[in-house]
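Chemist: Any chance you can model this:
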Amino acid sequence: MRPSVYPRSLVFHSCTINPPLALAPMVGLSHSALRLLILELGGIGLFFSEMLSVGRLPTENEKISPFLCRTPEENPFFYQIFVCPGQDLLPAIARLHTLNAQGIDLNLGCPAPALRKVGAGSFMTPELVRTTVAAIRSATSLPISAKIRLGKTLDEKSLVSFCKMLEDEGIDLLTVHGRLHGEKFCRKARWDWIGKVKKVLNIPVLANGGIFTVEDARQCLAISGADGLMLGRGAAIRPWIFADIAHSLYGLAKPERRSFSEIYFRFIALLEERFTPERRLGRLKQFSHYYAENFAFGHHLSSGVQNAKTLEEAGAIAAAFFEKAEG
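Modeler: From the prediction side, this is the model:
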């Protein structure tokens, strides 16, 4: 029987996630403006950075870098790194200590062509993964997490063996995206395969993939048995989804809902607060692509903003759209 209310807190290593709901690391989306918007709307328990290059991280300026830009309120916060063969991890780990990281996340699931070229993400060999996790573990006392996919093919023995190796080498939290390497998002996530991992591990497991509604979240937890959820595109479409899930599944109070336009223009304001002018419009365009899915004629919002030359022009286009959409 499905519980009506799940445990609110997930405690592991030196970290407490309350509620056990995390925002996925997404390139161009999981930046400080979206994180703060979601934080204001409520229900979020754990933040991740966009993926960071181990090679560039030691010299990146956190005061101007859109990838390192962060406020104290974005907490607990895990920085996600990707590692290429032969790279020295120690300078990057040392840098994360100075950035007040609450944890370090290793990207083992990204299938992007750029990572294929350098042998990172889902293209790391199992032996390189093992030695990398061991090296991170020896270099830090922070919690270490990893994000994976199900593998190249559906092979339960191989998947379970890989995940147990991660646990044995020192991973404290594992996020499993319920799709194979290279599978497109239109393919329904295999939450039952996340359950195969959860059954054999002693560390907490977060389920990721295909969660866009409260009912999706409920079914995913019931099928996978996971300890919590990580949301990606669903959070960009509906930044209030964490609050809805936290209320329905974890018994947290539900904040008052803002209008679509209020949320959108608050996002613009946060972009203006957090980023230099040249960094704002591109991030608004990327967010608008997803946010437009809330409307039957959302393509008018998305295409209009995509064609805008300035943030002010994009705002005017959005204002005209919302005036019609919200009547």
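Chemist: Helices of the stretch 151-300 of the chain, residue ranges please.
Modeler: Assignment of helices within the stretch 151-300 of the chain using DSSP state H, counting those that start in this stretch yields the ranges 156-169, 191-198, 214-224, 233-237, 241-250, 260-274, 280-291, 298-306.
Chemist: domains for the protein, by residue range?
Modeler: 10-250, 260-326 (automatic domain parsing).
Chemist: quick one, which of those domains is packed in tightest?
Modeler: domain 10-250 (a mean of 19; mean count of other Cβ atoms under 10 Å). For glycine as for every other residue, the C-beta is placed from the backbone atoms N, C-alpha and C.
Chemist: Would you mind measuring the gap between the ends of it?
Modeler: This stretch, domain 10-250, spans 12 Å end to end (Cα to Cα, to the nearest Å).
Chemist: Columns distance to residue 91 and mean pLDDT on top of the helices of the stretch 151-300 of the chain, output as JSON lines?
Modeler: Listed next are those as JSON lines, based on distance: least, Cβ to Cβ, whole Å; pLDDT from 0 to 100:
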{"stretch": "helix 156-169", "distance to residue 91": "21", "mean pLDDT": "97"}
{"stretch": "helix 191-198", "distance to residue 91": "32", "mean pLDDT": "98"}
{"stretch": "helix 214-224", "distance to residue 91": "37", "mean pLDDT": "97"}
{"stretch": "helix 233-237", "distance to residue 91": "32", "mean pLDDT": "97"}
{"stretch": "helix 241-250", "distance to residue 91": "34", "mean pLDDT": "97"}
{"stretch": "helix 260-274", "distance to residue 91": "26", "mean pLDDT": "98"}
{"stretch": "helix 280-291", "distance to residue 91": "28", "mean pLDDT": "98"}
{"stretch": "helix 298-306", "distance to residue 91": "38", "mean pLDDT": "98"}
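Chemist: Switch those helices over to a markdown table, and while doing so, append distance to residue 49 to every line.
Modeler: Output for those, formatted as a markdown table (distance: least, Cβ to Cβ, whole Å):
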| stretch | distance to residue 49 |
| --- | --- |
| helix 156-169 | 20 |
| helix 191-198 | 23 |
| helix 214-224 | 23 |
| helix 233-237 | 15 |
| helix 241-250 | 17 |
| helix 260-274 | 14 |
| helix 280-291 | 14 |
| helix 298-306 | 25 |
